[in-house]
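In: Sequence first, predicted coordinates after that:
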Amino acid sequence: MHKPGEPGTTRPLRVGVVGCGAIGQLHFEAYRRLEGVVEVAGLCDLNAKRLAETAQKFPQAQTTADYRELLTTAKIDLLSICTMPNTHCEIAVAALEAGAHVLCEKPFAMDVRQADRMLGAAAHAKRQIQVGTNMRHMRQADTLREIVASGAVGQPVYIRAWTYFTEIPWNAPHTIKSISAGGALAATAIHILDVALWVAGSPDVLAVAGSTHKTFPHKRRETAPTSEAYDTYDVEDIAAAHIRLSDGATLILEGTWAHEREKSHYSFEMICEKGTLTLDPLSVLIDEEGKIVDRTPDEFKTAAATDGWSESVSKEIARFVTAIRAGHTPSQSPREIRNVQCIQDAIYASAQSGREVRFDV
């Protein structure tokens, strides 16, 4: 008989969630949609009030402030890690060693050494690990990935990807590097980096030249919720990178919390050999015998066809659960996870040294 969490099981997967904050609530909503397929069996948070409020929604779940207790007593098959990055490695390795699969929010790790430890633990335990870079699960990203894979636009040549935020995310300590791993790059731009690479076919990184800047407190100083938040702010609110990829393409990445746009915006433009793709709003323009032809699918000519943040998190989790139960390979390979982590590390290293960081592929 199959055990829960192993391929072929028909019993609900026992799910645990560490971190009941804003992103944790999106995970809960996703698991709620999978009722009968999963069972929320354990909740963990250091904030007693938040833990108690969440427990009211899942009265059957064990609650604790110690994730080790959860892994020891709640028989968890799949653990969502929705905590700050400085805790990811420790929790993930413990969960994998306890026999659980892991969905870890981004950024995956503080650095590639931690990432390697986590990926190694997953391989040793024969368990799956994924990162919460949910943009690759949006309907519009799926569509562009299929177009590139079909060869309709040829090979990607030049990609410009950006995240323009107008506000600093004060809702958690994203502004303290020793806790968050970084600012506008690690906390937000990592999403668009992952999805752009995935749509492009997941090429490896060859070289990275990066720069980072800190405009706070010249900007947004009045938005700091406390004097402590003001005093401890030590991350970048602007990051930029020139990334050379193994397939010959170039990726330009821009991420900021300091833009004066009307609205925050994630997107990319991908110039390919025979056309140009844009994520948001989705656009497919193809060169046909020298003429630019709009081949954007009709369904995407209205906003109703696009997936929002909550929907993409739900898809991410549903697909991971399906992969676990069927014994299939999930969306992200260990190579892809490590590749993104290497780029993140290299941007920070290049920004500090003023030199390009190169990789052996």
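Out: That came through fine.
In: ok, which stretches of the stretch 201-350 of the chain are helices?
Out: 227-232, 309-326, 334-353 (DSSP state H, counting those that start in this stretch).
In: can you check the stretch 1-150 of the chain too?
Out: 22-33, 48-55, 67-73, 88-97, 112-125, 139-150.
In: how about the fourth one: buried residues?
Out: Neighbour-count burial for helix 88-97, with 16 or more other Cβ atoms under 10 Å as criterion, is recorded at 88, 89, 90, 91, 92, 93, 94, 95, 96. The way it works is simple: take the backbone N, C-alpha and C, and place the C-beta from them, glycine included.
In: Could you chop the protein up by domain?
Out: The chain resolves into domains spanning 13-131, 135-307+332-358 when parsed by automatic domain parsing.
In: tell me the most buried of those domains?
Out: For these, the largest average neighbour count (mean count of other Cβ atoms under 10 Å) is found in domain 13-131, namely a mean of 20.
In: gap between the two ends of that one?
Out: 19 Å (Cα to Cα, to the nearest Å).
In: what is the mean pLDDT for that domain?
Out: The average pLDDT within domain 13-131 is 98.
In: want to throw the helices of the stretch 1-150 of the chain into CSV with distance to residue 207?
Out: Below are these laid out as CSV (distance: least, Cβ to Cβ, whole Å):
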stretch, distance to residue 207
helix 22-33, 32
helix 48-55, 43
helix 67-73, 38
helix 88-97, 26
helix 112-125, 16
helix 139-150, 22
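In: between the ones you listed, which gets nearest to residue 158?
Out: Closest approach to residue 158 among the helices of the stretch 1-150 of the chain (Cβ to Cβ): helix 139-150, 13.6 Å.
In: ok, which stretches of the stretch 101-250 of the chain are strands?
Out: All strands of the stretch 101-250 of the chain, identified by DSSP state E, counting those that start in this stretch, fall at 101-104, 129-131, 156-164, 205-213, 238-245, 250-256.
In: quick one, the fifth one and helix 334-353 angle?
Out: Direction vectors for strand 238-245 and helix 334-353, defined by axes from the mean of the first three to the mean of the last three Cα atoms, to 10 degrees, enclose an angle of 120 degrees.
In: so residue 162 sits right up against residue 251, yeah?
Out: No - assessed by Cβ atoms under 8 Å, residue 162 is found out of contact with residue 251, at 11.1 Å.
In: Just the CA atoms of stretch 288-299, as CSV, please.
Out: Extracted in CSV, the C-alpha atoms of stretch 288-299 (Å, rounded to 0.1, in the frame of the first residue of the first chain):
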residue,chain,number,x,y,z
GLU,A,288,5.6,37.3,-41.7
GLU,A,289,7.4,38.0,-45.1
GLY,A,290,8.6,41.3,-43.8
LYS,A,291,5.2,42.4,-42.4
ILE,A,292,4.5,42.7,-38.7
VAL,A,293,1.4,40.6,-37.9
ASP,A,294,-0.4,40.6,-34.6
ARG,A,295,-0.9,36.9,-33.6
THR,A,296,-2.0,37.6,-30.1
PRO,A,297,-4.6,35.0,-29.2
ASP,A,298,-8.1,36.5,-29.2
GLU,A,299,-8.8,35.3,-25.7
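In: And residue 285, how close does it get to residue 309?
Out: Residue 285 sits 26 Å away from residue 309, going by Cβ to Cβ, to the nearest Å.
In: again with residue 146
Out: Taking Cβ to Cβ, one finds residue 146 at 22 Å from residue 309.
In: what about the helices of the stretch 201-350 of the chain, which gets the closest to residue 247?
Out: Residue 247 lies closest, by Cβ to Cβ, to one member of the helices of the stretch 201-350 of the chain: helix 334-353, at 12.5 Å.
In: ok, residues contacting that closest one?
Out: Identification of contacts with helix 334-353 by Cβ atoms under 8 Å, 6 or more residues apart in numbering yields 107-109, 111-112, 115-116, 119, 122-123, 129-131, 133, 181-182, 185-186, 190, 193-194, 197-198, 202, 204-205, 208-212, 236, 239, 241, 243, 253, 356-357, 359.
In: mind putting the buried residues of helix 88-97 in TSV, distance to residue 328 included?
Out: Listed next are these as TSV, based on distance: Cβ to Cβ, whole Å:
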residue	distance to residue 328
88	24
89	26
90	28
91	25
92	21
93	24
94	25
95	20
96	19
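In: which of those residues lies closest to residue 232?
Out: residue 88 (20.3 Å).
In: so how far is residue 82 from the closest one?
Out: In terms of Cβ to Cβ, residue 88 sits 10 Å off from residue 82.
In: Now for the two: what residues contact both?
Out: Residues touching both residue 88 and residue 82 by Cβ under 8 Å, 6+ apart: residue 105.
In: coming back round to it: out of the domains of the chain, which is closest to residue 321?
Out: Set against residue 321 and scored by Cβ to Cβ, the domains of the chain come closest in domain 13-131, at 6.0 Å.
In: correct me, but residue 167 touches residue 220?
Out: Yes - judged on Cβ under 8 Å, residue 167 makes contact with residue 220 at a distance of 7.4 Å.
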